[in-house]
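Engineer: just coords:
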């Protein structure tokens, strides 16, 4: 199932709607901008699988999507949609992860970043 961002609420939470509702909003300025999803790693877990599926859904609707992970080790790597740009930061050290993520964000300047877990 594909999703699309429709707006960010006043308190900063993302409101995500099914794509069938959002098709009429293709003229929104968020279309054709980069969306980045961040995971510490892609080991087993429900949140990891959900983010990978959500990233694939956005990519299938034409969004430029990066999936950024500290480590690419895990069974979910093969589930990443080929249209999603997978960026491995190649570290499990939390301090180095923050530094590398900061560098990625300053270089890529995504329109939206969504993370899950810690």
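Structural biologist: Great, that's in hand. All figures in this text were calculated on a predicted structure; none of them were measured in a lab.
Engineer: The lowest-mean-pLDDT helix or strand in the chain: what's the following helix or strand?
Structural biologist: Sorting the helices and strands of the chain by mean pLDDT, DSSP states H and E puts helix 19-22 at the bottom, at a mean of 40. Per DSSP states H and E, the first helix or strand lying C-terminal to helix 19-22 is strand 34-41.
Engineer: Show me what that next one is packed against.
Structural biologist: Applying 3 or more Cβ pairs under 8 Å, 6 or more residues apart in numbering; DSSP states H and E, we find strand 34-41 packed against helix 46-60, strand 64-71, helix 94-108, strand 112-115. Glycine gets a C-beta too; all of them are placed from N, C-alpha and C.
Engineer: cutoff 6 Å now
Structural biologist: Counting contacts by 3 or more Cβ pairs under 6 Å, 6 or more residues apart in numbering; DSSP states H and E, strand 34-41 is packed against helix 46-60, strand 64-71, strand 112-115.
Engineer: so what does the helix or strand following the second one touch, helix or strand wise?
Structural biologist: Using DSSP H and E, the helix or strand that follows strand 64-71 towards the C-terminus is strand 85-88. Based on contacts counted as 3+ Cβ pairs under 6 Å, 6+ apart, the elements that strand 85-88 packs against are strand 64-71.
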